[in-house]
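> sequence-free structure coming up:
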C-alpha cells in the first residue's frame, strides 16, 4: 500500500473517532435502556396470558358444565378477570411487588404512581434476571396483572353451577387481597440482580425479599403462586358451598367437549407466554421454558389417556384435554428451572398423578369440586414444585441456580436440601390459602349469601342470574 494512501486512511479513521468520541463516552456512561426485542416479547407474552383467560379458560370451563350454566361460567371468568385487573392497578401491584416486609409489599405504587412521569416523559424501569438488562415497569405490571387475574378465575371451576354472582365478586376481592398478594410477594419479590453490587452485601439485599424467595424456593412461573394457591382455595370453596343438587344421582356430563377442547388448545398456546414469558427476556431461559412447556404437555396428554385407556377401556377427549392442562400446570414451576429430562418426567408424572387426583383422590375427599380444580391445579402444582427441586440438579440435566447474584455464579444446594425447601414452600402456600379462603367464603356467606336458591339452581344460572341463554336453538 502506498505511504500516501496509508496516511489518508489513518487520518480518516482518527477524524471518525474524534467525531464519535462524545457519543461513545455517553453510551459508556449512560444507564441501560430496555431492549426492544425483550419489550416486544414481553408485550406478546402478556397478550398470550390474557388469551388464556378470555376466552380459553372460559371455554374450557364452560364446555364442562351443563348447558343451562354455560353463560354463567363465561360471565364469572370474563368479569372476574376484569375486576382483578382493576384492583391490581389500584393497589395489587404495589402490595405484591414493592419493598415492605417478608410477607407483603408497601404502598409506593398505588394507582401505579411513579411508573410514568408525564412532566419529564420518563418511564420507570424494573429489573429482570440479568444485570444491566431492565424492562419498562409498566410492561411488568401488565404481565403480572394477567397472572393475578387468571389465578382468581381458576378457583371458580370448583364452585360453578351453584354460586351467586355477587358472591363470586366479593370472594375474589377478599381472596385476591389476602391470599394472592401476600403469596406472590413471598415467592416472587426480590430487589433484582442490579441490587447485588458485591458478595458482601448479598445477605442485606436478600433480607428485603419475600419470605420464600429468601428460603431459596424455586417457582419459575407460578406452581405455588398460581396453581396450589387457586387449587386449595377451590377445594375449600367446594366444602363451604356443599354439593350441587343431584350430585352423584343425576347425570352432570359436560355439555360441549368441543368447547372444552378448543379452550384447552388455546390454553396450551397461551401458556407459552405464561411460562416462557416468565424469563422476562427473549433469551436462552425463555427458550428452555418454551421447549419444556411444549414437551411436558404432550407427555401428560399421552400418559393420561393411556392410563385411562387401560383402566376404563377407552381413551377420552375429556381425558386428553385434562391431561394437557395437568402437564401445563406441573411444568409451570419447573419451566426454566429444569432441563429436557425433567420435562419428560414431569409431564408423564403429571398425567398419571392428576388422573388419580380427579378420580381416586376425589372419591376419598368426597367434595363436589365441580371441574377438578384441586385434583389438577393443586396436585399438579405441588407435583411440579417438588420435582423442580430434584430436576434443577445439573447432574439430572437441570440448569442449576444462581447462588451468588453479585458474580452470577451458578450452583445447586443438593437434591435433599432443595427438595426440602420446595416442600416447605408448598406447605406454607397451601396452609395460607386454605385459611384465607375459609374465612373469605364465610364472610361472603354472611354478607351477601353464597349459594343460589334450589329453584334458581334447577333452572340454571344463565336464566336465573343473567336472564340469557348460551344457545337459542
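Arrived safely. Because the structure is a prediction, the values reported are computed rather than measured.

> contacts and neighbour counts: CA atoms only from here.
Fine.

> so how many other residues sit close to residue 454?
Residue 454 has 12 neighbouring residues, counting by other CA atoms under 10 Å.

> With residue 276 instead?
Neighbour tally, residue 276, other CA under 10 Å: 30.

> Heading C-terminal from the strand or helix carrying residue 85, find the next helix or strand.
Secondary structure assignment for residue 85, by DSSP states H and E: helix 70-87. Following helix 70-87 in sequence order, the next helix or strand is helix 93-97 (DSSP H and E).

> Show me what that next one is packed up against.
With contacts taken as 3 or more CA pairs under 8 Å, 6 or more residues apart in numbering; DSSP states H and E, helix 93-97 sits against helix 137-155, helix 181-188.

> Could you list the low-confidence segments of the protein?
Low-confidence segments of the chain (pLDDT under 70): 1-30.

> hmm, try it at 50
Low-confidence segments of the chain, defined by pLDDT under 50: 1, 6, 8-29.

> excluding its backbone neighbours, what's nearest the residue minimising distance to the centre of it?
Centroid-nearest residue in the chain: residue 222, 4.1 Å away (criterion: CA atoms, centre = their mean). Leaving aside its sequence neighbours, residue 222 sits nearest to residue 333 (CA to CA, 6 or more residues apart in numbering; 5.5 Å).

> Now the one you found: which helix or strand?
Since the elements are taken from DSSP H and E, residue 333 ends up inside neither a helix nor a strand.

> so what's it up against?
The neighbourhood of residue 333, defined by CA atoms under 8 Å, 6 or more residues apart in numbering, consists of 218, 219, 220, 221, 222, 223, 224, 381, 384, 385, 388.

> quick one: the longest helix anywhere in the chain to helix 181-188, angle?
Ranked by residue count and defined by DSSP state H, the top helix of the chain is helix 415-447. Angle, helix 415-447 to helix 181-188, by axes from the mean of the first three to the mean of the last three CA atoms, to 10 degrees: 170 degrees.

> quick one: helix 415-447 to chain centroid distance?
16 Å (CA atoms, centre = their mean, to the nearest Å).

> Please name every helix or strand in contact with that helix.
Going by 3+ CA pairs under 8 Å, 6+ apart, helix 415-447 lies up against helix 165-175, helix 229-241, helix 379-391.

> buried set for the second one?
Yep, that's helix 229-241 we're talking about. Counting neighbours by 16 or more other CA atoms under 10 Å, one finds that the buried residues in helix 229-241 are 229-241.

> Distance check, residue 116 against residue 139.
12 Å (CA to CA, to the nearest Å).

> Check for me that residue 243 belongs to a strand.
No: counting by DSSP: H, G, I helix; E, B strand; the rest coil, residue 243 is not found in a strand; it is coil.

> Next up, phi/psi of it, please.
Note on residue 243: its backbone torsions stand at phi -80, psi 150 [degrees, to the nearest 10].

> Can you report how many residues neighbour it?
17.

> I'd say it and residue 451 touch.
No: contact criterion CA atoms under 8 Å: residue 243 and residue 451 do not qualify, at 10.7 Å.

> returning to that earlier point: which one of the helices and strands packed on helix 93-97 lies nearest to residue 341?
helix 181-188 (25.3 Å; CA to CA).

> For the helix or strand that that closest one is followed by, what is the distance to the chain centroid?
The C-terminal neighbour of helix 181-188 among helices and strands, as given by DSSP H and E, is helix 202-206. Remark: helix 202-206 is offset 26 Å from the chain centroid, using CA atoms, centre = their mean.

> With stretch 233-241 instead?
21 Å.

> ditto for stretch 407-423
Centre to centre, stretch against its chain (CA atoms, centre = their mean), the figure for stretch 407-423 is 22 Å.

> likewise stretch 180-197?
15 Å.

> Got the phi and psi for the closest residue in space to residue 192 that isn't next to it in sequence?
Nearest in space to residue 192, with sequence neighbours left out and distances taken as CA to CA, 6+ apart, is residue 127 at 5.2 Å. When read as degrees, to the nearest 10, the backbone of residue 127 gives phi -80, psi 160.

> Tell me if I'm right that residue 127 and residue 193 touch.
Yes: applying CA under 8 Å, one finds residue 127 in contact with residue 193, separated by 7.0 Å.

> any idea where the helices of the stretch 201-350 of the chain begin and end?
202-206, 211-215, 229-241, 257-276, 284-312, 317-331, 340-358 (DSSP state H, counting those that start in this stretch).

> just so I know, which of the ones you listed lies nearest residue 110?
helix 211-215 (22.3 Å).

> Which elements pack onto the closest one?
Looks like helix 211-215 contacts helix 181-188 (3+ CA pairs under 8 Å, 6+ apart).

> and the helix it packs on with helix 165-175, angle?
40 degrees.

> How about the contacts made by residue 105?
94, 95, 96, 97, 98, 99, 182, 185.

> do the same with residue 290
Contacts of residue 290 (CA under 8 Å, 6+ apart): 272, 275, 276, 335.

> Once you drop chain neighbours, what's closest to the first one?
For residue 272, ignoring the flanking residues on the chain, the nearest one in space by CA to CA, 6+ apart is residue 290 at 5.8 Å.

> Would you mind measuring from that neighbour to residue 219?
Distance, residue 290 to residue 219, by CA to CA: 15 Å.

> Residue 159 now?
27 Å.

> And residue 227, by the same measure?
Counting by CA to CA - residue 227 and residue 219 are separated by 11 Å.

> what's the answer for residue 101, then?
According to CA to CA, residue 101 stands 20 Å off from residue 219.

> hang on, isn't residue 180 packed against residue 222?
No: Residue 180 is beyond contact range of residue 222, at 11.2 Å (criterion: CA under 8 Å).

> Give the residues shared as contacts by residue 127 and residue 193.
Common neighbours of residue 127 and residue 193 (CA under 8 Å, 6+ apart) do not exist.

> you'd agree residue 171 is up against residue 442?
No: in this structure, residue 171 is not within contact of residue 442 by CA under 8 Å, at 9.3 Å.
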